[in-house]
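S.K.: Got a predicted structure plus its sequence, pasted below:
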Amino acid sequence: MTGSTSSSDFPTTGGVAQPTKAAINGATNAFVSKLSFDGTTLLYSTFLGGTGVPSNPPEGDSGNAAAVDTNGSAFVTGSTWSTNFPTFDPYQATSRSSGFTSFVTKLNPDATLAYSTY
């Protein structure tokens, strides 16, 4: 599952792509979480985002859709205002916009980054 949170104590698990929130001044970061099939166990949970943009209200990052392939890798897409969104092996390493733009991230089954790009 994916979404956004402004919580600094959102539950994350060890060994994930981004264990701590990067957003500042009330901005949001996207999150990606995986539950067990029966919904009783948090298998992994990670933040995904940059510092956002201080404004009124603050602008941040949001996960808008997620899909999982047959190998258990998660594909997440969303929106970001962060100029320092975490990229990894990117197709596009920097934002070409001075504001809102999109991202696509692939997480390996163990919640490490396979790639992340604007």
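M.R.: Yes, it's here. Numbering: from 1, shown residues only.
S.K.: which stretches of the chain form strands?
M.R.: With DSSP state E as the criterion, the chain has strands at 2-5, 29-35, 42-48, 61-68, 74-80, 101-107, 113-117.
S.K.: I'd like to know which of these is closest to residue 18.
M.R.: strand 42-48 (4.4 Å; CB to CB). Using the backbone N, CA and C atoms, a C-beta is placed for each residue, glycine as well.
S.K.: roughly how far apart are the residue lying farthest from the centre of the chain and residue 66?
M.R.: Centroid-distance maximum for the chain: residue 38 at 23.7 Å, with CA atoms, centre = their mean. Distance, residue 38 to residue 66, using CB to CB, to the nearest Å: 19 Å.
S.K.: before we move on, what about residue 79?
M.R.: For residue 79 relative to residue 66 (CB to CB), the value is 14 Å.
S.K.: These two: who's more crowded?
M.R.: Between residue 79 and residue 66, counted using other CB atoms under 10 Å, the more crowded position is residue 66 (19 against 16).
S.K.: That one against residue 31, yeah?
M.R.: No. When contacts are counted by CB atoms under 8 Å, residue 66 is not listed as touching residue 31 (10.4 Å).
S.K.: Excluding sequence neighbours, find me the nearest residue to the residue nearest to the spatial centre of the chain.
M.R.: Nearest residue to the geometric centre of the chain (CA atoms, centre = their mean): residue 48, 2.4 Å. Spatial nearest neighbour of residue 48, excluding adjacent residues (CB to CB, 6 or more residues apart in numbering): residue 30 at 4.3 Å.
S.K.: Contact partners for the one you found?
M.R.: Contact analysis of residue 30 by CB atoms under 8 Å, 6 or more residues apart in numbering lists 2-4, 47-49, 61-63, 76, 78, 80.
S.K.: now for these, which pair is the farthest apart?
M.R.: Based on CB to CB, the longest span within the contacts of residue 30 runs between 3 and 80 and measures 13.7 Å.
S.K.: So those two - more neighbours on which side?
M.R.: The residue with more neighbours, out of residue 3 and residue 80, is residue 80; 29 against 14, by other CB under 10 Å.
S.K.: sorry, back to before: could you tell me which residues touch both of residue 66 and residue 31?
M.R.: By CB under 8 Å, 6+ apart, residue 66 and residue 31 have these common neighbours: residue 2.
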